[in-house]
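Peer 1: The sequence and its predicted three-dimensional model are supplied below.
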Amino acid sequence: MTVRTRFAPSPTGYLHIGGVRTALFNWLLAKQSGGQFILRIDDTDAQRNQEEALAPILDGFRWLGIDWDEGPEVGGPHEPYFQSQRLSNYQDAAAKLLDAGLAYRDYATTEEMTAEREAAEKAKTDFVYSRKWMAETDEQAAAFEAEGRSFVVRLKMHREGKCEFNDLVVGDVSVDWSTEADHAIQRADGTCLYHLANVVDDAEFEITHVIRGIEHLSNTPRQIFIAQGLGYTLPKYAHLPYVAEPGSKKKLSKRKIAEYLNNKDFKRLYQSGAAIAERIGLETDPATFSPVLVDFYKQIGFNPDAVNNYLLLLGWSLDDKTEMFSREEMLEHFSLDRVVKSAASFDPKKLQAFQERYMDAVPLKQKSRLCKKYLEQAKVTDDPMECDHLAMMKSIIEAAGDRLSMAGDILNFDDFFIEDDQLSYDAKAWQKRMVKPEQAGFLVGELYKVLSVHPEFAATELETAIKGFCETQGIKIGDIIHALRVAVTGKAAGFGMFDTLEILGRDRVLNRMALALDRLSDEQKSDSAV
RNA sequence: GGCCCCUUCGUCUAGUGGUUAGGACACCGGCCUUUCACGCCGGUAACACGGGUUCGAGUCCCGUAGGGGUCACCA
């Protein structure tokens, strides 16, 4: 039997990290055995959906390498894959259930229904609909219609016995049919609701395994009821625990970003991402740009495999030590029976740790390609980047090593690209390294003389030269290097000083040293004037 | 509230009756070092609680507590 799984997003505009994990598990189960993964668009609730809201979701999946065998854009033998275009299928199914006496026309108004529900709640009992406005014959229907009522179609659920099924993650599940309400499957306007559409599509698409969030576990009995009523063979079910908020066990929700921002680690991730996004001109409103949404990672230069690997381990494990999984290894080892039963909190730090490991393994060429885009979009360089900038960027990437944990981090090294006289100095660093040490100005001045006549402007030679300089001055290397770094980069920290000098080149180094010295003496003059 | 589910270091997890309860991220300390990182070495840290069953319980049973999910003419 070919395994066929599906993921069914509503076009809401954003791809949620928890949803991606569900999709990934579906994808893995299908692909590991040569099956198919299908993307179906749940847009039956026409009002709340817009067409353009689908694009970001599809882009997100493509970025992650979660490809679909059937669905939007690729089509397939069961077209269409949009629920909004499959209405007649659902209506046929509703009619069939009506004919079979497994559903009925219900003429209750919303108010009447709510009143019954509230009465049950007050009495602290299960809500069981009285079926007072149920019409099973045309005569009954006509009578209600004479009163000006309209109907919805409801499931005529069993009121005794149990619904029993096996869930591949949760285990055996048993639910009293009596606790299942008579759910509506068709609206007064003839359009159909989720449960019906879902079951009909799963059957028509020949889905063999329904893998979804555990919030759907309680929906399963009524869906089984529909499927059985329609004579379908039941798929296997697997309900995944949800992905929880950072630092809590509540379900992760994209609407509660403000709250998550109180979490230190979440906030830090958001801020580092937002800093990059701002520079490349993206909207950084946490409502649409946050670590809960995959687009966030895509925009700031995460490695999609790092995201997949992290998500794989959020609620699943192979053994007591394996953490790194290539695409092939995921496919080889994934199994539903090793899915954990409890909710797993989203941990921004661990995700970042995965990103660092993955980035470390990315070859220089590919890193260059990724970083280039950020410098261009932030207008740090021309777009497209000139050749000499490109060469410099490559040197920077090499020298930066793992200080580049995501591609967007290249913007931290923008000081190499800007004009010497445009360099800004970190106020604290300037104070601590240039102003405060009495010798700093003098030493930078002396070093200027040495460097201006130094023959070979390459890292190793510079190291020898500067160490020699320290000896003749009778100082430790730290006495000059910190001041030099601030003078030349404006920053307190960065990668190796000698690499920095080599990349900048003699002219720019000397120029920046001179500029810094001017600035220093200007400050001192105005100080003494006061 | 009804129904259902879950509970091992701060976090993700390993563990299927006998383990010094293992790993990873984070954290702390040290080494390395021109800064910041990396790396290396070391460390702190967990079986929610109470009863059983058993020679023996993180592992099985019952209860309690806590956490969570779900109860639409949403999906």
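Peer 2: Received, thanks.

Peer 1: list the helices and strands the longest helix seen in chain A packs on?
Peer 2: Looking across chain A with DSSP state H, the single longest helix is helix A:506-529. Judged by 3 or more CB pairs under 8 Å, 6 or more residues apart in numbering; DSSP states H and E, helix A:506-529 is in contact with helix A:440-453, helix A:477-489. The C-beta positions use only the backbone N, C-alpha and C, and glycine is treated the same way.

Peer 1: between those, which gets nearest to RNA strand B?
Peer 2: The closest of the helices and strands packed on helix A:506-529 to RNA strand B is helix A:477-489. By CB to the nearest atom of the strand, the value is 4.1 Å.

Peer 1: how about the lowest-mean-pLDDT helix or strand in chain A against RNA strand B, any contact?
Peer 2: Lowest by mean pLDDT, DSSP states H and E among the helices and strands of chain A is helix A:110-122, with a mean of 86. Yes - counting by CB under 7 Å from any atom of the strand, contacts between helix A:110-122 and RNA strand B involve A:110, A:113, A:117, A:121.

Peer 1: I'd like the next helix or strand past that helix.
Peer 2: Using DSSP states H and E, the helix or strand that follows helix A:110-122 in sequence is strand A:134-135.

Peer 1: Buried residues in the helix or strand that that next one is followed by, which are they?
Peer 2: Next along the chain after strand A:134-135, taking DSSP H and E as the criterion, comes helix A:138-146. Using 16 or more other CB atoms under 10 Å as the test for burial, helix A:138-146 gives A:141, A:144.

Peer 1: what's helix A:138-146 in contact with?
Peer 2: Defining contact as CB atoms under 8 Å, 6 or more residues apart in numbering, one finds that helix A:138-146 is touched by A:105, A:107, A:133-135, A:151.

Peer 1: So which of those residues is the closest to RNA strand B?
Peer 2: Nearest to RNA strand B among the contacts of helix A:138-146: residue A:151, at 7.4 Å, using CB to the nearest atom of the strand.

Peer 1: burial measure for that closest one, as a count.
Peer 2: Residue A:151 sits with 20 neighbouring residues when counted by other CB atoms under 10 Å.

Peer 1: tell me the contacts of it?
Peer 2: Contacts of residue A:151 by CB under 8 Å, 6+ apart are A:105-107, A:135, A:141, A:144, A:188.

Peer 1: and RNA strand B, which of these reach it?
Peer 2: residue A:188.

Peer 1: Of the contacts of residue A:151, which is the most crowded?
Peer 2: Busiest of the contacts of residue A:151 [other CB under 10 Å] is residue A:106, holding 26 neighbours.

Peer 1: any idea what sits nearest that residue, other than its immediate chain neighbours?
Peer 2: Nearest residue to residue A:106 in three dimensions, chain neighbours excluded: residue A:154, at 4.5 Å (CB to CB, 6 or more residues apart in numbering).

Peer 1: Is the one you found in a helix, a strand, or coil?
Peer 2: Secondary structure of residue A:154, reduced to three states by DSSP: H, G, I helix; E, B strand; the rest coil: strand.

Peer 1: Does it touch residue A:184 like I think?
Peer 2: Yes - the pair residue A:154 and residue A:184 qualifies as a contact (CB atoms under 8 Å) at a distance of 5.3 Å.

Peer 1: Mutual contacts of the two, please.
Peer 2: Taking CB under 8 Å, 6+ apart as the contact rule, residue A:154 and residue A:184 both touch residue A:106.

Peer 1: So the two - more neighbours on which side?
Peer 2: Between residue A:154 and residue A:184, counted using other CB under 10 Å, the more crowded position is residue A:154 (23 against 20).

Peer 1: Identify the bridge partners of that one.
Peer 2: Per DSSP bridges, the residues bridged to residue A:154 are residue A:104, residue A:184.

Peer 1: Residue A:87 touches residue A:192, doesn't it?
Peer 2: Yes - with contact defined as CB under 8 Å, residue A:87 reaches residue A:192; the gap is 6.5 Å.

Peer 1: So between the two, which is more surrounded?
Peer 2: It is residue A:192, of residue A:87 and residue A:192, that has more neighbours when counted by other CB under 10 Å, with 24 against 15.

Peer 1: Kindly state the pLDDT recorded for the residue nearest to that one when sequence neighbours are not counted?
Peer 2: Leaving aside its chain neighbours, residue A:192 sits nearest to residue A:90 (3.7 Å; criterion: CB to CB, 6+ apart). Confidence at residue A:90, expressed as pLDDT, is 96.

Peer 1: what sits against residue A:90?
Peer 2: By CB under 8 Å, 6+ apart, the contact set of residue A:90 is A:185-186, A:192, A:196-197, A:200.

Peer 1: swap in residue A:500?
Peer 2: Going by CB under 8 Å, 6+ apart, residue A:500 touches A:399, A:485, A:488-489, A:494.

Peer 1: Can I get whatever helix or strand residue A:201 lives in as CSV, trimmed to CA atoms?
Peer 2: Assigned by DSSP H and E, residue A:201 belongs to helix A:194-204. Extracted as CSV, the C-alpha positions of helix A:194-204 are listed here (Å, rounded to 0.1, in the frame of the first residue of the first chain):
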residue,chain,number,x,y,z
TYR,A,194,-14.9,21.6,7.9
HIS,A,195,-15.7,18.1,9.2
LEU,A,196,-17.6,17.0,6.1
ALA,A,197,-15.1,18.6,3.7
ASN,A,198,-12.2,17.1,5.5
VAL,A,199,-13.5,13.6,5.5
VAL,A,200,-14.7,13.7,1.9
ASP,A,201,-11.4,15.0,0.7
ASP,A,202,-9.3,12.6,2.7
ALA,A,203,-11.2,9.8,1.2
GLU,A,204,-11.3,11.1,-2.4
